[in-house]
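K.L.:
sequence? don't have it. structure:
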């Protein structure tokens, strides 16, 4: 089955008619449908599909035990009302590329694997790239198992309900040791390729980035009868902190975003008792990121004290600067006719694996430059260019 047919099959799963975006959250009905689709299509290509101990799906062409495998793929989960391409483009392209190679009669000298990682976006349980972090041991099962979604369901409970074995979660050095190279194809989350007039590019690096939880705790009261001077309103320091995030990021040449917020009791005529919010911060280097986060959290503490509100913070995830292996990067750029090399501020499973396996990324042009939105896009011709590029890369790495 070719790329267009695969893409058309996957496209309706998890799509929300109200926004045109996707709600493919880990261990939900939509996620189960995506996983079933992946398993069926990979099996149809003659691949051996296995879930690892953390729920990541691996479709193998060749004997996994042989080692030095060439792996490719991405993820199928989405941010709330996200676009169609972030993650799924890499998975569908990988299946299409393997299909082309098999149809051509290629005989890999190294095993080939297509992977679909779980909870890459962290949309349900808050930690991005959770599947790859668990695989590599960057996060331990004793910590991840207690992560909870907005309804209080833990990662371990959701995983068990989906048929997984939470007691088996954790680092998998045996599986990791079977990988010789990992190449992730992804829609570009920006306009670098548009500006360079290229359909496909190669990643150079990923900015350091992380997520911090901020909890402001005050006192609930009546919105109409409580004097301003008597209030301990957590919304005030929270609002000031959001503005501080913009200011601190601008000073450091970074980016900082507060895009997820929960308010208690969340009533129109009630002063909030608590505000729970998450800071996403990214920067060109770790010094700039540290300065940005320190500035934002310092401001939060000052504003909270001014309003007699308690403040607590915790870092939920962090990824240092990733420089993809230059030899592999340059080799792929040359192989693809001098494809442009560019960096990104977006995190990926490839960034997590890069500390353990020689890793590279391919980007496919996004004419809108928009991501994590239904406006995210890749033209049909560019999608096909991505398939051709990944097919060439797999042929070179696994078959030559």
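P.N.:
Cool, got the structure. What you see is a predicted model; the values in this text were computed from it and never measured. Numbering: from 1, shown residues only.
K.L.:
packing partners of the helix or strand bottoming out on mean pLDDT in the chain?
P.N.:
Scoring the helices and strands of the chain by mean pLDDT, DSSP states H and E places helix 141-144 at the bottom, with a mean of 86. The helices and strands touching helix 141-144, judged by 3 or more C-beta pairs under 8 Å, 6 or more residues apart in numbering; DSSP states H and E, are helix 130-136. To be clear about C-beta, it is placed using only N, CA and C from the backbone, and glycine gets the same treatment.
K.L.:
in the helix or strand harbouring residue 331, what's buried?
P.N.:
Element membership of residue 331, judged by DSSP states H and E, is helix 326-335. For helix 326-335, a neighbour-count test (16 or more other C-beta atoms under 10 Å) marks 328-329, 331-333, 335 as buried.
K.L.:
ok now the least confident helix or strand of the chain, how far from the chain's centre?
P.N.:
Remark: helix 141-144 is offset 19 Å from the chain centroid, using C-alpha atoms, centre = their mean, to the nearest Å.
K.L.:
quick one, strands of the stretch 151-300 of the chain?
P.N.:
Applying DSSP state E, counting those that start in this stretch to the stretch 151-300 of the chain gives strands spanning 179-187, 200-206, 209-217, 221-222, 255-264, 270-271, 274-282.
K.L.:
need those in a markdown table with mean pLDDT and mean neighbour count, can you?
P.N.:
Output for these, formatted as a markdown table (pLDDT from 0 to 100; neighbours: other C-beta atoms under 10 Å):
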| stretch | mean pLDDT | mean neighbour count |
| --- | --- | --- |
| strand 179-187 | 98 | 24 |
| strand 200-206 | 96 | 23 |
| strand 209-217 | 96 | 21 |
| strand 221-222 | 97 | 13 |
| strand 255-264 | 97 | 16 |
| strand 270-271 | 98 | 18 |
| strand 274-282 | 97 | 21 |
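K.L.:
will you turn those into TSV that also has distance to residue 88?
P.N.:
Converted to TSV, the strands of the stretch 151-300 of the chain look like this (distance: least, C-beta to C-beta, whole Å):
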stretch	distance to residue 88
strand 179-187	9
strand 200-206	17
strand 209-217	22
strand 221-222	47
strand 255-264	22
strand 270-271	41
strand 274-282	22
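K.L.:
nearest to residue 61, of those strands?
P.N.:
Ranking those by proximity to residue 61 (C-beta to C-beta) places strand 179-187 first, at 13.9 Å.
K.L.:
contacting residues around residue 180?
P.N.:
Taking C-beta atoms under 8 Å, 6 or more residues apart in numbering, we find residue 180 in contact with 67-70, 110, 357-358.
K.L.:
how about the spatially closest residue to residue 50 that is not a sequence neighbour, secondary structure?
P.N.:
Using C-beta to C-beta, 6 or more residues apart in numbering and skipping the chain neighbours, the partner closest in space to residue 50 is residue 58 (5.3 Å). Here residue 58 is recorded as strand under DSSP: H, G, I helix; E, B strand; the rest coil.
K.L.:
from residue 172, how far out is residue 58?
P.N.:
Distance, residue 58 to residue 172, by C-beta to C-beta, to the nearest Å: 11 Å.
K.L.:
for residue 156, same thing?
P.N.:
Taken as C-beta to C-beta, the span from residue 156 to residue 172 is 17 Å.
K.L.:
and the pLDDT for the residue of the chain most remote from its centre?
P.N.:
Distance from the centre of the chain peaks at residue 225, with 45.3 Å (C-alpha atoms, centre = their mean). Looking at residue 225, its pLDDT is 97.
K.L.:
and it, how far from residue 269?
P.N.:
Relative to residue 269, and taking C-beta to C-beta, residue 225 is found at 10 Å.
K.L.:
list the residues that contact residue 202.
P.N.:
Going by C-beta under 8 Å, 6+ apart, residue 202 touches 329, 332-333, 336, 339-342, 360-363.
K.L.:
quick check, nearest of these to residue 27?
P.N.:
Closest approach to residue 27 among the contacts of residue 202 (C-beta to C-beta): residue 361, at 26.5 Å.
K.L.:
many thanks, we can stop here.
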